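Asker: 3D, please:
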Amino acid sequence: MAERATRLRSAPGVHGSLPRPENGIGKQAARAASRGGMPAAAALLLTGLLALSAPASASDAGTQPPTRVGASAELRTRLIDEPSIWQTLQAQFDTDWPEGPMPSLPSAMPPTARLTLREAIATALANNPRMLAASLQPESVAQNVLKAQAFFDPIFGSDANYGRTNTPVTNIFQGSGQSDSDDEFIAEALTSNWDFFLDKGLLSGGRMRLAWTNEKLSSDSFIQALNPMYTPQLVATLNQPLLRDFGLRFTRLRIAIAEAATEGAVAQFQAQAANFVTLVIAAYWQVVATAERVEVLQASLDLAEKTVRENRTRVEVGVLPPVAIKESEAEAARRREDVLVAENDLATARRQLQQIVYLPGENEFVPRPIDAIERPSSERVEFDVEEAVRTAVVKRPEIRAARESVRQSKLQVDLDQNQLLPRVDLYGAGGVNAASGTATQVEIGGVVYPPSPYDGPYSKALDRMFSGDFYTYQAGLRLEIPIANAGAEAQARQSRISREQASAGFRQEVSDVVLQVTQSAGDLSSAMERVEATRVSRELAEENLRNQTRRYEVGMVTPTDLIKFQNDVAQARLAEVQTIIHYNNSLAAFERARGTILTRYNVEIETREPTHVPWWARF
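Answerer: Numbers count the residues shown, from 1 in each chain. Alright, predicted model coming up:
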């Protein structure tokens, strides 16, 4: 059935992560700063940034199981499975009204999880509550396919009843006896009915009904020849539209519309998943960038404190004036403030990553903290813009969703324009009937009539019914022509307008995708060049600081100039870090623009399964 139209299973949890070096880059840089100054610290930071671990290539994804997105198969089964009759009845008499869940907090802060970028993406896709809710949307839309198939569902029904009727006798042909109480004539009748029917919609747009009715009548009337009397009847009726609602295609139009809507919902969720992966990547690299910023600023602070100590020594020996100490102390205090601001920014970035990844901790409301252990890559990538555009047009889920919207709107136009036709229905009915019962002696006015030839039990009535001797049939043509038909005309106009809107939206979506690919390609190319430019700038700043430090040692450069050169190196280092992070974000944006980011990170979202058509919906 259509409930299996979409399966978006959850990813397995992350049970391990890559170890982080025991001694961080920042600590090593700080020791290098204390020994060899700012250039050595900056060089060590750059080496650590580029040498630890780069993002895995797309080929590495093939060695890992695909990441499944959203709700688990167990949850989907529980949502789709119908409750038992007992559970439904029990809920009818349940007097306890449900209350919303109360959040609980963990007893202690859960341990920090160290995740690579791929692990963070897989964990976020499997556990983030917003993604879980979004993954259920295609499943919800897919139920419209099942709803559209309900037209063909056969309906079985039955009715059993018993009745007694006492009516006054108003003419002699009722043949009633006399009441003993007040000389009133009363006719008494006892009736029993047991009826069955089967009703079903047909592929031709018609509707068929097969009804089997049974009645048992017992009466005190002396003119009733059969008492009790059984009257079974089997009747088939058919109502077949010839214009409005007619045709094999029309009966499946609503199913096709629901299928197109489901395909569009799956494509929209794929776009949501791609955007979410890009968001996780940006949050992950933000943590890395802020951590590197803390390390660079900490190394700069260590160098400033080293300069304060050296200036005090030079003042004591008379090489520098006392104001040099105050100047270097002020600079050290400023850099200490920068470190404090950067550390707070790092804590904020980690909390944001923790909220996005949502790695389960002690309870479901507070996720575990996340530590980013992977480092960005600065390796150049080769790409072809024209090939990227062609790939995006084929793979971007937004284009597929817009295309399905156009298809859905065209089908809706066909459905609504059919309702503009007059209603011409061919209808007919045919059946067989019979009677049996206990024959009684009928005497009227002294004349004795022969007993009924239809004497016999109920089974005898069935034999007579299926003999075909007693039958009924009816056929006709029903015509209905609306004079204004304003409602159907308005609906048809709206559907045609929606079709044009969907077509325009499709053209706009394709144009937007092409623009996004070209813009992201330009950003990526610019980012690659900026990585090289900031590297050269950082190296020149380091070389200049080394030269100026030697001049400072012989008194040719003032402390103010030395502080400026130190700040130039720190700013160059920070600019290089930010550029490398921007390059990795630009690479992710380029993959997102051409529709390959889910493939790059081995994320799998299953498409809609073919609609299951039960046997009773094939005729």
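
Asker: any chance you could map the strands in the stretch 351-500 of the chain?
Answerer: Assigned by DSSP state E, counting those that start in this stretch, the strands in the stretch 351-500 of the chain fall at 370-372, 423-433, 436-439, 442-444, 447-449, 471-480.

Asker: adding distance to Q417 and mean pLDDT, write the ones you listed out as TSV.
Answerer: To be clear about C-beta, it is placed using only N, CA and C from the backbone, and glycine gets the same treatment. Converted to TSV, the strands of the stretch 351-500 of the chain look like this (distance: least, Cβ to Cβ, whole Å; pLDDT from 0 to 100):
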stretch	distance to Q417	mean pLDDT
strand 370-372	55	91
strand 423-433	15	95
strand 436-439	54	90
strand 442-444	64	75
strand 447-449	65	76
strand 471-480	17	94
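
Asker: relative to V536, how far out is D568?
Answerer: 14 Å (Cβ to Cβ, to the nearest Å).

Asker: please identify which of those two sits among more neighbours.
Answerer: D568 (19 against 11; other Cβ atoms under 10 Å).

Asker: before we move on, what SS does the more buried one have?
Answerer: Here D568 is recorded as helix under DSSP: H, G, I helix; E, B strand; the rest coil.

Asker: does the nearest residue to it once chain neighbours are set aside sit in a helix or strand, and which one?
Answerer: Computed as Cβ to Cβ, 6 or more residues apart in numbering, the closest residue to D568 that is not its neighbour in sequence is A541, at 5.0 Å. In this assignment (DSSP states H and E), A541 forms part of helix 486-553.

Asker: need the winner for burial among the strands of the stretch 351-500 of the chain.
Answerer: strand 370-372 (a mean of 22; mean count of other Cβ atoms under 10 Å).

Asker: that strand: how far from the chain's middle?
Answerer: Relative to the centre of its chain, strand 370-372 is centred 28 Å away, using Cα atoms, centre = their mean, to the nearest Å.

Asker: please apply the same query to stretch 491-509.
Answerer: With Cα atoms, centre = their mean, you get 24 Å for stretch 491-509.

Asker: what comes up buried for it?
Answerer: For stretch 491-509, a neighbour-count test (16 or more other Cβ atoms under 10 Å) marks Q491, A492, S495, R496, S498, R499, A502, F506, E509 as buried.

Asker: quick check: closest non-adjacent residue to the fourth one.
Answerer: Residue nearest to R496 in three dimensions, not counting chain neighbours: V413, with 5.6 Å by Cβ to Cβ, 6+ apart.

Asker: touching, that neighbour and A492? I think so.
Answerer: Yes. Taking contacts as Cβ atoms under 8 Å, V413 lies within contact range of A492: 7.4 Å.

Asker: residue boundaries of the helices in the stretch 101-250 of the chain?
Answerer: Using DSSP state H, counting those that start in this stretch, the helices of the stretch 101-250 of the chain run over residues 117-127, 129-148, 248-251.

Asker: out of those helices, nearest to R551?
Answerer: R551 lies closest, by Cβ to Cβ, to one member of the helices of the stretch 101-250 of the chain: helix 117-127, at 44.0 Å.

Asker: what's stretch 241-252 in contact with?
Answerer: Applying Cβ atoms under 8 Å, 6 or more residues apart in numbering, the contact partners of stretch 241-252 are 151-152, 201-206, 240, 414-415, 418-419, 421-426.

Asker: any of those buried? List them.
Answerer: 151-152, 201-206, 240, 415, 418-419, 421, 423-425.

Asker: which elements pack onto the helix holding A541?
Answerer: Contacts defined by 3 or more Cβ pairs under 8 Å, 6 or more residues apart in numbering; DSSP states H and E place helix 486-553 against helix 38-51, helix 385-395, helix 397-418, helix 559-593.

Asker: next, the angle helix 385-395 makes with the third one.
Answerer: Taking axes from the mean of the first three to the mean of the last three Cα atoms, to 10 degrees, helix 397-418 and helix 385-395 form an angle of 40 degrees between their directions.

Asker: if you count neighbours, what's buried in helix 397-418?
Answerer: Neighbour-count burial for helix 397-418 [16+ other Cβ under 10 Å]: 397-413, 415-418.

Asker: so what touches it?
Answerer: 244-245, 249-250, 253-254, 256-257, 260-261, 263-264, 267-268, 270-271, 274, 392-393, 488, 491-492, 494-496, 498-499, 501-503, 505-506, 509-510, 512-513, 595.

Asker: ok so, going back, the strands of the stretch 351-500 of the chain: which one's closest to N547?
Answerer: With distances scored as Cβ to Cβ, the stretch of these nearest to N547 is strand 370-372 (36.2 Å).

Asker: and the spatially closest residue to A488 that is not a sequence neighbour, how close does it get to R493?
Answerer: Nearest residue to A488 in three dimensions, chain neighbours excluded: Q419, at 4.4 Å (Cβ to Cβ, 6+ apart). Q419 sits 12 Å away from R493, going by Cβ to Cβ.

Asker: same deal with L420?
Answerer: 10 Å.

Asker: again with S436
Answerer: For S436, the distance to R493 - Cβ to Cβ - is 60 Å.

Asker: likewise for K410?
Answerer: Distance of K410 to R493, computed by Cβ to Cβ: 15 Å.

Asker: if you count neighbours, what's buried in the helix or strand hosting A349?
Answerer: Counting by DSSP H and E, the element that carries A349 is helix 323-357. The neighbour-count check on helix 323-357 (16+ other Cβ under 10 Å) flags 324-325, 327-329, 331-332, 335, 338-339, 342-343, 345-346, 349-350, 352-354, 356-357 as buried.

Asker: equivalent analysis for stretch 275-288, please.
Answerer: So for stretch 275-288, counting by 16+ other Cβ under 10 Å, buried means F276, V277, T278, V280, I281, A282, A283, Y284, W285, Q286, V287, V288.

Asker: sec struct for the fourth one, please.
Answerer: Remark: V280 carries the secondary structure label helix [criterion: three-state DSSP].

Asker: need the contact list for it.
Answerer: Applying Cβ under 8 Å, 6+ apart to V280 gives the contacts A120, I121, A124, I356, V357.

Asker: how about this protein, which residue sits the furthest from its center?
Answerer: The C-alpha centroid of the chain is most remote from G446, which lies 84.8 Å away (Cα atoms, centre = their mean).

Asker: hang on, the earlier thing: roughly how far apart are the residue nearest to A488 and V145?
Answerer: If you go by Cβ to Cβ, the gap between Q419 and V145 works out to 21 Å.

Asker: hmm, who's touching stretch 505-521?
Answerer: Under Cβ under 8 Å, 6+ apart, the answer for stretch 505-521 is 383, 385, 388-389, 392-393, 396, 398-399, 402-403, 405-406, 586, 589-590, 592-594.

Asker: can you give me the strands in the stretch 51-200 of the chain?
Answerer: Secondary structure of the stretch 51-200 of the chain by DSSP E, counting those that start in this stretch: the strands cover 67-68, 113-115, 155-168, 186-201.

Asker: ok, the residue nearest to D568 - contacts?
Answerer: F565, D568, V569, Q571, A572.
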